[in-house]
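Engineer: coordinates only, sequence not included:
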């Protein structure tokens, strides 16, 4: 499984919400909509899913952070591929924007922010204003996170290697944080609003009522 994890690190899963177009249409439209610097292989998985195997990390990040594409008018959601991928579930690993208000000016670099944000997730890239340092009040970073895990509201920004106590708590603000259902393992809602959970509970209650009814009918008069 560890070897498999390394081999699929640049692989994405495309999930069609409704009907899926023909593979030649998908391949042609995908290439037309992306500006890849490397190659790509697209394979059929089932009637709703495809594998998108990219050559390099830059293309992987560029395509994945789109989160969705339209292929011949059909919506396709994009998600990372993991060794435990199951078509009936959606991954909780997503790219989101976070902002860092009043971040020190000399920290507006990806090589500094990557270790700083490691308790939250993997830093992918900076937005254009942060990268060009044209906005001093706040830095903005695209980060890969697991939305089922706790979200730290701040991280420690140390000012001295010799004295770890010198520094400040850097505030973290999350933008457009998606919801995730731990019951049906799909994005877009929480378990309290899950239609699958509601359906299963109704079925369970109906079966319990039927079982109680049968038990009552079997009792001697």
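Structural biologist: Cool, got the structure. All values reported here derive from a predicted model rather than from experimental measurement.

Engineer: tell me, what residue is most central in the chain?
Structural biologist: The residue lying closest to the centre of the chain (CA atoms, centre = their mean) is residue 94, at 1.5 Å.

Engineer: Can you list the neighbours in contact with the helix or strand encompassing that residue?
Structural biologist: For residue 94, the enclosing helix or strand under DSSP states H and E is strand 93-101. With CB atoms under 8 Å, 6 or more residues apart in numbering as the test, strand 93-101 has contacts from 61, 64-65, 67, 79-80, 82, 113, 117, 120, 124, 127, 137-147, 170-178, 187. C-beta coordinates here come from the backbone N, C-alpha and C atoms, glycine included.

Engineer: Kindly provide the whole-number mean pLDDT of whatever helix or strand comes next after it.
Structural biologist: Using DSSP H and E, the helix or strand that follows strand 93-101 in sequence is helix 110-116. Helix 110-116 shows a mean pLDDT of 94.

Engineer: pLDDT weak spots in the chain?
Structural biologist: 1-7, 215-221 (pLDDT under 70).

Engineer: quick one, domains of this protein?
Structural biologist: Using automatic domain parsing, the domain parsing of the chain gives 2-80, 93-178, 191-221.

Engineer: Mind putting those into TSV with distance to residue 87?
Structural biologist: Shown next, in TSV, are these (distance: least, CB to CB, whole Å):
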stretch	distance to residue 87
domain 2-80	5
domain 93-178	16
domain 191-221	15
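
Engineer: To residue 86, which of these lies closest?
Structural biologist: domain 2-80 (10.2 Å; CB to CB).

Engineer: picking that back up, just the buried ones from the contacts of strand 93-101, in PyMOL syntax?
Structural biologist: The following PyMOL command selects only the buried members of those, with burial defined by 16 or more other CB atoms under 10 Å:
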select buried, resi 61+64+65+79+80+82+113+117+120+124+139+140+141+142+143+144+145+147+170+172+187
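
Engineer: So which of the contacts of strand 93-101 are in strands?
Structural biologist: Secondary structure defined by DSSP state E assigns 79-80, 124, 138-146, 170-171, 173-175, 187 of the contacts of strand 93-101 to strands.
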